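Asker: generate a structure from the sequence data that follows.
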Amino acid sequence: MKWLSLTAILLFLVACSASTPQTSLYEQIGGNAGAEKLVDAFIKQIGNDDVILPYFRESNVRHFREGFITHLCDTLDGPCDYEGDSMVQIHTGMAISESDFNRVVDLLINAMNEVGIAHSVQNQVLARLAPMRSEIIKL
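Answerer: Sure, this is the predicted structure:
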């Protein structure tokens, strides 16, 4: 009788996990509309930060916005393929310090909070972006 109950429970758990589709991080941030809101909030954060804004003074905001939306989409398993410049190409010559890099991460966290992305999802987004750190700092 115990085996029958255990088997029934295991079959139920397998059925539940098989019927629950996994949602990508891209979907969890709200898909394209969510990525756009996040990037817009991030750009606003940058625009209000006297330390980080100088890194973006020569940037084309529209180009940055479109590129970052596509980059997020690709990085977070959305339906996009980022084909823009690499992180090394973008950041070489900028001599970004570790402190300023960390400040940008804080601005991104502020933007994620502003648009209502859950902290558990924020952690996953940051984990996906973190490996790019070495392609950005002190180049």
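
Asker: when you work out contacts or count neighbours from here on, use the C-alpha atoms and nothing else.
Answerer: OK.

Asker: where are the low-confidence patches of this protein?
Answerer: Along the chain, the model assigns pLDDT under 70 to residues 1-21, 139.

Asker: ok, which stretches of it are helices?
Answerer: 2-19, 25-28, 31-47, 53-56, 61-75, 87-91, 98-114, 119-129 (DSSP state H).

Asker: tell me what the last one is packed against?
Answerer: Taking 3 or more CA pairs under 8 Å, 6 or more residues apart in numbering; DSSP states H and E as contact, the helices and strands that helix 119-129 lies on are helix 25-28, helix 98-114.

Asker: most tightly packed of these?
Answerer: helix 25-28 (a mean of 18; mean count of other CA atoms under 10 Å).

Asker: ok so, going back, now the helices of the chain in TSV, with distance to I137?
Answerer: Formatted as TSV, the helices of the chain follow (distance: least, CA to CA, whole Å):
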stretch	distance to I137
helix 2-19	41
helix 25-28	25
helix 31-47	17
helix 53-56	13
helix 61-75	18
helix 87-91	8
helix 98-114	6
helix 119-129	13
